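Colleague: Quick one, structure for this:
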Amino acid sequence: MKKLKYIILFFLMTPICFTSAQVKVAHIEVQKLISEMPEVIAAQKELEKLEKSYTTEMENTYKEFQTKAQTYAADAANQTDITNQARQKELETMQQNIQQYQQTVSQDLQKKQADMMRPLIEKARTAIEEIASEQGFNYVLDSSAGGSVIIANGIDIMSEVKKKLGF
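Modeller: Numbers count the residues shown, from 1 in each chain. Predicted coordinates for the structure are as follows:
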């Protein structure tokens, strides 16, 4: 019992010092920031315009294929077997070319999107890092859906980053 008193007195009399650095944490919805950047909106419009152009070209090519197939089918009875076989082969080649073109278009659009977005994403990241540094944040967490934050009760720096980016 006497030992317990001494232990309690020791802790009451001894100053307890906890050295802890204050950690500042902020959050931002990175996906929302990027989707609202004027440069991203302009890039998306440009990509949509390019996609529309490709779609129109593919539709015209497919219509040409259908017209040719209908013409050949209607005229097949009046042609020789050799001519019909040549026409069938021509239609098969056209169909393969259309499929290959669709794949090329899809790959091209994906590459263009990646090439256009990469510098814009880096620009947003740099602005976030600058704001975090200016305001003394140790961590900035992505609070986008599926991001790495479960609760975002910290300071949202969205408006400061938008201001830094000029919108």
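
Colleague: can we go C-alpha only for contacts and neighbour counts from here?
Modeller: Will do.

Colleague: The protein: helices as residue ranges?
Modeller: 2-13, 30-36, 38-75, 81-135, 158-165 (DSSP state H).

Colleague: Those: lowest mean pLDDT?
Modeller: Among those, helix 2-13 has the lowest mean pLDDT, at a mean of 46.

Colleague: Ala26: neighbouring residues, count only.
Modeller: 21 (other Cα atoms under 10 Å).

Colleague: Buried by neighbour count: which residues of stretch 51-66 qualify?
Modeller: 51, 54, 58, 61, 65 (16 or more other Cα atoms under 10 Å).

Colleague: thinking again about what came up before, could you dump the helices of the chain into JSON lines with distance to Val149 added?
Modeller: Below are these laid out as JSON lines (distance: least, Cα to Cα, whole Å):
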{"stretch": "helix 2-13", "distance to Val149": "39"}
{"stretch": "helix 30-36", "distance to Val149": "12"}
{"stretch": "helix 38-75", "distance to Val149": "24"}
{"stretch": "helix 81-135", "distance to Val149": "16"}
{"stretch": "helix 158-165", "distance to Val149": "16"}
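
Colleague: wait, which of those is closest to Leu141?
Modeller: helix 30-36 (9.0 Å; Cα to Cα).

Colleague: for that closest one, packing partners?
Modeller: helix 81-135 (3 or more Cα pairs under 8 Å, 6 or more residues apart in numbering; DSSP states H and E).

Colleague: Tell me the helices and strands packed up against the helix it packs on.
Modeller: Against helix 81-135 (3+ Cα pairs under 8 Å, 6+ apart) you get helix 30-36, helix 38-75, helix 158-165.

Colleague: how about a cut-off of 10 Å?
Modeller: Other helices and strands packing on helix 81-135, by 3 or more Cα pairs under 10 Å, 6 or more residues apart in numbering; DSSP states H and E, are strand 25-28, helix 30-36, helix 38-75, strand 139-142, helix 158-165.

Colleague: between it and helix 38-75, how big is the angle?
Modeller: 170 degrees (axes from the mean of the first three to the mean of the last three Cα atoms, to 10 degrees).
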